[in-house]
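Asker: What follows is a protein structure lacking sequence information:
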């Protein structure tokens, strides 16, 4: 189990750092890219679509690993655990 968890934790950290690095440059603009339907909130599906692009570019094919990273990274950004990320939460977690 430890052999699986260490890479997953590393990946989560890298994904979080990657989002944070881009988001810090202009968080509102980056949030707007994630919020595909422009309703003011990023849903798990919108977040997953964006992070799938990131993972595809890096050749990640393990679906279980991808799912864990999606979920944990989204949860870190969803400060009030309401199932969506607001701009305020996004900026606070960047």
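Answerer: Done, it's in. Because the structure is predicted, anything quoted here is derived from the model rather than measured.

Asker: what about the protein, any weak spots by pLDDT?
Answerer: Counting by pLDDT under 70, the chain shows low-confidence ranges at 1-24.

Asker: Name the helix or strand for residue 68, please.
Answerer: Using DSSP states H and E, the element containing residue 68 is helix 63-77.

Asker: Which neighbouring elements make contact with that helix?
Answerer: Packing partners of helix 63-77 (3 or more CB pairs under 8 Å, 6 or more residues apart in numbering; DSSP states H and E): helix 2-25, helix 44-57. In short, each C-beta sits where N, CA and C put it, glycine included.

Asker: Buried residues in that helix, which are they?
Answerer: 66, 68, 69, 70, 73, 74, 77 (16 or more other CB atoms under 10 Å).

Asker: Could you do stretch 84-94 as well?
Answerer: For stretch 84-94, by 16+ other CB under 10 Å, it's 84, 85, 86, 87, 89, 90, 93, 94.

Asker: Residue 38 contacts residue 87, doesn't it?
Answerer: No: counting by CB atoms under 8 Å, residue 38 stays clear of residue 87, with 11.4 Å between them.

Asker: what does the helix or strand hosting residue 91 rub up against?
Answerer: Using DSSP H and E, residue 91 sits in helix 87-92. With contacts defined as CB atoms under 8 Å, 6 or more residues apart in numbering, helix 87-92 is touched by 23, 27, 28, 30, 31, 34, 40, 42, 77, 78, 79, 80.

Asker: Same question for stretch 47-64.
Answerer: Here stretch 47-64 makes contact (CB under 8 Å, 6+ apart) with 15, 18, 33, 34, 36, 66, 69, 70, 73, 74, 77, 85.
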